[in-house]
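Asker: Sequence unavailable; structure follows:
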């Protein structure tokens, strides 16, 4: 067909001549996937990978960060030195002590004069080593109780017969033992009473348990699926340099969206708290729990932009390749010139 189209222009090709294609045009080998189909499949896989990046990071953070008791206690431990958290604890514990005193002794007439001394005493206690020990132990006991309920390790909690409660007796006993070892006066007389404090209502256990099981599965498979889709999309692409750049930009976009979601979630969380909950302390706890996820989001953003910029720079700095099909005039033999006539020939 090419030979027939070239005849009107006076061009002829030998019978066995092979007409080369354009240097940059993709060619489909016999039995291979067409380039257009490969590009479409590559675009779909890369788009799915970039879409799964923020969800995979969120699921992995919740599954391996929040659901691990050791990491949770380590994350919450620095909050024992936070001024806002100390003030919230002093207010909450001080009000609880005053309520307990009101039930046993009628001190309503002198409550206004006694309350400042009680809060000052509790505030002083929050600056001691015993408070830090009680803070870590209380967080560990509470986290263990919630995990047992969500994983249905307790038959009574699995049946949904009651709320999730925490017994404060082990916490009190550990603090008492530590104070006794430090030779604190009257530490041995601290009563150790079994007090059940509800931390999760019975109506919420079943709903949260289903979501927790899904989260444990998604925390592993979503990041793995995102990586597999990205690798498959790049390997299937016709122009792999462009595919790498597109994957990097999509990853950076996912990290930026995750940072934005954390910022909006912080505002919505603080706005939805009751009026009696100290907002500065709640903000400090939110920032501590999401610190790892926020760092991961910024890393995804920085990594994606770095890879995309590197791809663009290497493409600009790439040396031009020599042409595979040089001009025919450069290699065509020059016709032989006829010899000049000599005097004898003339």
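Answerer: Good, I have the coordinates. The shown structure was predicted, so the numbers you read here are calculated from the model rather than taken from an experiment.

Asker: residue ranges of the strands in the stretch 101-250 of the chain, please?
Answerer: Assigned by DSSP state E, counting those that start in this stretch, the strands in the stretch 101-250 of the chain fall at 164-167, 196-200.

Asker: Please work out the average pLDDT along the longest one.
Answerer: Right, strand 196-200. The average pLDDT within strand 196-200 is 66.

Asker: Same question for stretch 128-140.
Answerer: 84.

Asker: List the buried residues in that stretch.
Answerer: Neighbour counts over stretch 128-140 (16 or more other CB atoms under 10 Å) mark 130-131, 133-140 as buried. Just so you know, the C-beta spots here come from the backbone N, C-alpha and C atoms, and that holds for glycine as well.

Asker: any idea how far residue 220 lies from residue 81?
Answerer: When distance is defined by CB to CB, to the nearest Å, residue 220 is 34 Å away from residue 81.

Asker: no no, residue 316
Answerer: For residue 316, the distance to residue 81 equals 51 Å [CB to CB].

Asker: quick one: which of these two has more around it?
Answerer: It is residue 81, of residue 316 and residue 81, that has more neighbours when counted by other CB atoms under 10 Å, with 13 against 7.

Asker: Let me see the contact set for that one.
Answerer: When contacts are counted by CB atoms under 8 Å, 6 or more residues apart in numbering, residue 81 touches residue 132.

Asker: And it, how close does it get to residue 302?
Answerer: Here residue 81 is placed at a distance of 30 Å from residue 302 (CB to CB).

Asker: Over to residue 287?
Answerer: Taking CB to CB, one finds residue 287 at 20 Å from residue 302.

Asker: Same check on residue 250?
Answerer: For residue 250, the distance to residue 302 - CB to CB - is 14 Å.

Asker: Comparing those two, which shows the higher neighbour count?
Answerer: Comparing residue 250 with residue 302 by other CB under 10 Å, the one with more neighbours is residue 250, at 21 against 12.

Asker: Hmm, the more buried one is touching residue 45, no?
Answerer: No - if you go by CB atoms under 8 Å, residue 250 and residue 45 don't touch, sitting 11.1 Å apart.

Asker: Provide a list of residues in contact with residue 297.
Answerer: Contacts of residue 297 (CB under 8 Å, 6+ apart): 54, 57, 255-256, 258-259, 262.

Asker: Which of those residues fall within helices?
Answerer: In helices, judged by DSSP state H, the following of these are found: 54, 57, 255-256, 258-259, 262.

Asker: Excluding chain neighbours, give the residue nearest to residue 269 in space.
Answerer: residue 286 (5.9 Å; CB to CB, 6 or more residues apart in numbering).

Asker: pLDDT weak spots in the stretch 51-200 of the chain?
Answerer: 97-98, 100-115, 118, 153-172, 174-176, 178-179, 182, 184-200 (pLDDT under 70).

Asker: what about 50?
Answerer: Scanning the stretch 51-200 of the chain for pLDDT under 50 picks out 155-160.

Asker: And the helices in it, which stretches?
Answerer: Assigned by DSSP state H, counting those that start in this stretch, the helices in the stretch 51-200 of the chain fall at 69-76, 83-104, 111-125, 129-150, 155-158, 169-181.

Asker: My understanding was that residue 208 contacts residue 151; is that so?
Answerer: No - counting by CB under 8 Å, residue 208 does not reach residue 151; the two are 11.0 Å apart.

Asker: Distance-wise, check residue 132 relative to residue 91.
Answerer: Applying CB to CB, the value for residue 132 to residue 91 is 18 Å.

Asker: Residue 34 now?
Answerer: 70 Å.
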